[in-house]
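A.B. asks: Predicted model, plus sequence, below.
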Amino acid sequence: MGRKSKTKRVFFAMECQAPWPEELPKGKIIPEESRHMTLAFLGNVDIEELMSNLEEFPKPFFDLGFTAILDKCLFFPEKRPRVAAWGVNFGNRENELKGFHKALLEWMKEYGYPVEDRDYVPHITLSRGKFSKRDWEDSFYPLPAALTNIHLFESLGRSEYRSLWEHPLFAPFTEMEHTADIAFKIRGRSTSEIYQHAAAALAFECPDILSYVEKGAAHTGLNDVISSLNHLISAADSDIGVPFKAVSYHGELTEKHHFLEWEMIVDV
């Protein structure tokens, strides 16, 4: 007798963290710990066969996660939507994500997994079922996000998921313990990326500063990065008030794992 296959309902997705609002409009809200950005849905598959095929998974050519902006409210499907989601804008790293997504779909086709024939729209689902579209649109405001590890998730039903496999990525920033102040370890592949990831870390503390972040500016060194961050803080504080005073001229850029690291200390 042949082996009896065991199927699971699975999909590939990235972890997503954001300073989520404490309250959201009415709906069947996805818990924070379950929010993710889907890369590809496989459906019901033979899980043992899939786990074996993952040995040839197309590893991304980047090992550092993304910062992004959740910049719009989306609804799926267009007619009679049952999903409320926030769109993910990757800025100048959009082509990196698209390149990996294309490689993932090609791998799926090669191994005979179904591939949806539609444009890929990066988004984070926040609610399913019945909801007021107007309420979601009216309550929306942009948020920073950090997207890291790639997972194969099993869908358990009722918006519950379990990771069956993981490809780790370094986080663009992580918060550190620091007496009296706020501190982060910032990672980036260039000084300009250090600035973008440091600004995202600040925006996790105060999302309203997003509109003050420089887009596409070049930075020649760490002091230039810190100066730009302090200009951001000063401008935002003058207009709206922010919960910190300045970024300290502290530390140095060190090279680790093919990218730069810096310990950012924020005076509060």
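C.D. replies: Ah, there it is.

A.B. asks: wait, D63 sits on H167?
C.D. replies: No. Judged on CB atoms under 8 Å, D63 makes no contact with H167 at a distance of 9.7 Å. Placement of C-beta: from N, CA and C, glycine included.

A.B. asks: which stretches of this structure have low pLDDT?
C.D. replies: Across the chain, residues meeting the criterion (pLDDT under 70) sit at 1-5.

A.B. asks: mind listing the helices for it?
C.D. replies: 47-53, 94-110, 133-139, 191-205, 222-239 (DSSP state H).

A.B. asks: Now for the closest residue to A85 other than its chain neighbours: which residues touch it?
C.D. replies: Distances taken as CB to CB, 6 or more residues apart in numbering put H123 closest to A85, at 4.1 Å, once the chain neighbours are dropped. Listed by CB atoms under 8 Å, 6 or more residues apart in numbering, the contact set of H123 reads M37, T38, L74, A85, W86, G87, V88.

A.B. asks: among these, which ones are buried?
C.D. replies: For the contacts of H123, a burial check counting by 16 or more other CB atoms under 10 Å picks out M37, T38, L74, A85, W86, V88.

A.B. asks: I'd like the distance between the first one and V88.
C.D. replies: Which is M37. In this structure, M37 and V88 are 6 Å apart, going by CB to CB, to the nearest Å.

A.B. asks: Quick check: neighbours shared by those two?
C.D. replies: The contact sets of M37 and V88 overlap at C16, P122, H123, I124, L147 (CB under 8 Å, 6+ apart).

A.B. asks: can you tell me which of those are in strands?
C.D. replies: Judged by DSSP state E, the subset of the shared contacts of M37 and V88 located in strands is C16, H123, I124, L147.

A.B. asks: Max pairwise distance over these: which two?
C.D. replies: Between any two of the ones in strands among the shared contacts of M37 and V88, the greatest separation by CB to CB is 11.7 Å, found for H123 and L147.

A.B. asks: any shared contact partners between these two?
C.D. replies: When contacts are counted by CB under 8 Å, 6+ apart, H123 and L147 have M37, V88 as shared neighbours.

A.B. asks: Provide a list of residues in contact with the residue most central in space within the chain.
C.D. replies: Residue closest to the average C-alpha location in the chain (CA atoms, centre = their mean): L147, at 2.4 Å. L147 makes contacts with M14, E15, C16, M37, G65, F66, T67, A68, V88, as judged by CB under 8 Å, 6+ apart.

A.B. asks: Using the record's assignment, carve this protein into domains.
C.D. replies: 7-167, 173-267 (automatic domain parsing).

A.B. asks: one step back: with distance to D267 as extra columns, can I get the ones in strands among the shared contacts of M37 and V88 in a markdown table?
C.D. replies: Formatted as a markdown table, these follow (distance: CB to CB, whole Å):
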| residue | distance to D267 |
| --- | --- |
| C16 | 29 |
| H123 | 36 |
| I124 | 32 |
| L147 | 29 |
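
A.B. asks: So which of these is the closest to G157?
C.D. replies: I124 (19.6 Å).

A.B. asks: In contact with the closest one, which residues are there?
C.D. replies: Taking CB under 8 Å, 6+ apart as the criterion, I124 is in contact with C16, A18, R35, H36, M37, L70, A85, W86, V88, A145.

A.B. asks: Mind listing the residues bridging to E261?
C.D. replies: R187, T254 (DSSP bridges).

A.B. asks: Against H197, how distant is it?
C.D. replies: To H197, E261 is 10 Å away according to CB to CB.

A.B. asks: In terms of neighbours, single out the busier of those two.
C.D. replies: H197 (25 against 18; other CB atoms under 10 Å).

A.B. asks: Just confirm the more buried one contacts A68, I think it does.
C.D. replies: No. Here H197 does not reach A68: they are 11.0 Å apart, not a contact under CB under 8 Å.

A.B. asks: quick one on the thing from earlier: greatest separation within the shared contacts of M37 and V88: which pair is it?
C.D. replies: Within the shared contacts of M37 and V88, two members stand farthest from each other by CB to CB: H123 and L147, at 11.7 Å.
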